[in-house]
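> Pasting the sequence and the predicted coordinates here, then a few questions.
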Amino acid sequence: MMNDTYSVAQPTRAEIDALTGPALLEFGTGWCGHCRATDAPLAAALAQHPGVAHIRVEDGPGRALGRSFRVKLWPTLIFLKDGQEVARLVRPLDCREIEQTFALIDA
């Protein structure tokens, strides 16, 4: 299920690294036009993968988690399996591309 808002409170990198199973880590902000454009295709793809944890965090200068993943543009979607990055998409708009990337972590 898609989270509606970007969380200001962020998990630590150690908490992300300790995750088990498939997860999507999404970096962005609520006011970002690119992020809003990704909402619909991402929601459609997430609906097909209810077992994937969706962690949506607000990013910006000085935010340690985004810097630890070297996020430069929003939205950045990082697909994780057992806390390890498997793939990432930057500014995706195509539901099919997102869905294909989900298949890498949620078989």
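Okay, I see it.

> Would you check that Asp59 makes contact with Thr29?
Yes - counting by Cβ atoms under 8 Å, Asp59 touches Thr29, with 6.6 Å between them. (C-beta placed from N, C-alpha, C; glycine too.)

> Trp74: how many residues sit nearby?
If you count neighbours by other Cβ atoms under 10 Å, Trp74 ends up with 22.

> pretty sure it is touching Asp59, no?
Yes - counting by Cβ under 8 Å, Asp59 is a contact partner of Trp74 at 6.3 Å.

> overlap in contacts of these two?
Overlap of the contact sets of Trp74 and Asp59 (by Cβ atoms under 8 Å, 6 or more residues apart in numbering) consists of Phe27, Gly28, Thr29.

> Could you report the neighbour count for the last one?
If I follow you right, that is Thr29. By the other Cβ under 10 Å criterion, the neighbourhood of Thr29 contains 15 residues.

> Show the contacting residues for it.
Contact analysis of Thr29 by Cβ under 8 Å, 6+ apart lists Tyr6, Cys35, Glu58, Asp59, Gly60, Trp74.

> Please enumerate the shared neighbours of Asp59 and Thr29.
Contact criterion Cβ under 8 Å, 6+ apart; residues shared by Asp59 and Thr29: Tyr6, Trp74.

> give me the element the residue nearest the centre of the chain is part of.
Geometric centre of the chain, nearest residue: Glu26, 2.3 Å, by Cα atoms, centre = their mean. Taking DSSP states H and E as the criterion, Glu26 maps to strand 22-28.
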